[in-house]
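Engineer: make a model of this:
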Amino acid sequence: MLATYTFNSQYQPTNLNEVRLPALRLLEGGKFHADQFAPVLIKEYEQLRLKFFRWGLIPAWSKPSRPTKGRPYAAADHLFNHTVYQIPVRRQRCLIPADGYYVEAASIPSKQTFKLARPDEATFCFAGIYDSSRQKDGSTLHTFSIVTTPSNGEMTRFGLQMPLVLPKKYEALWLNPNANLRRISDLLYTSANHELSIHPVRELQLHEMERFEQVAA
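Structural biologist: Below you'll find the predicted structure:
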């Protein structure tokens, strides 16, 4: 399962003739962990809006007097039958833009970290849900979860669940609050993870060092 992901909104492609590997260099605030505020896309008043919500969903009915631990992930199998997710999946779906995410695979003698990204470094979106809860000071906190789906193919080595990367053609449907829920349910098992390339982080670090040395020379 992903622990962190990146989104660099100012990404500019370099020479297309170069070897294409996902960059490790990030803008400040471009790498996101659970419990941090991160950009999400929602449909509001018939317009697509970019907001900053906290990663880790807290349900609207949680009590302000009792600290509630946020849920960074929401398994597809539970979305329509778990009380925390039932309202958000029906009315409050969002997209979480990213240009890569990190996972770990167990290996001998130690774990190895990998970065998953599109070969052209283009932005993709995780499927997400969000909710709004009242805080002790009377303010409203907006939070989100990344939807996960059962792993398949090469992704099984990273765990039983993988983040739901939506195919681009289904992003508008996911955001549509009036979409048929049967169609939304079908999307939960339609992931575009197979479109991402998997690179050992060590390989990327070496590539970055080589590029730096070439520029310095």
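Engineer: alpha carbons only for contacts and neighbour counts from here, please
Structural biologist: Noted.
Engineer: next one: phi and psi at residue 114?
Structural biologist: For residue 114, the backbone dihedrals are phi -130, psi 150 (criterion: degrees, to the nearest 10).
Engineer: enumerate every residue touching the closest residue in space to it that isn't next to it in sequence.
Structural biologist: In space, not counting the residues next to it along the chain, residue 114 is nearest to residue 200; the distance is 4.3 Å by Cα to Cα, 6 or more residues apart in numbering. Residues near residue 200 by Cα atoms under 8 Å, 6 or more residues apart in numbering: 112-115.
Engineer: and residue 200, how far is that from residue 113?
Structural biologist: Here the distance between residue 200 and residue 113 works out to 6 Å (Cα to Cα, to the nearest Å).
Engineer: do the same with residue 183
Structural biologist: 35 Å.
Engineer: show me what the helix or strand harbouring residue 97 is packed against.
Structural biologist: Using DSSP states H and E, residue 97 maps to strand 93-98. Applying 3 or more Cα pairs under 8 Å, 6 or more residues apart in numbering; DSSP states H and E, we find strand 93-98 packed against strand 37-44, strand 124-134, helix 171-175.
Engineer: need the contact partners of that strand.
Structural biologist: Under Cα under 8 Å, 6+ apart, the answer for strand 93-98 is 5-8, 39-43, 123-130, 146, 171, 174-175, 177.
Engineer: same thing with stretch 52-71?
Structural biologist: 33-40, 72-73, 84-85, 130-136, 141-145.
Engineer: low pLDDT regions in this protein?
Structural biologist: Across the chain, residues meeting the criterion (pLDDT under 70) sit at 9-29, 106-110, 203-217.
Engineer: now do the helices in it.
Structural biologist: Listed in chain order, the helices of the chain (DSSP state H) span residues 86-91, 171-175, 181-187, 201-216.
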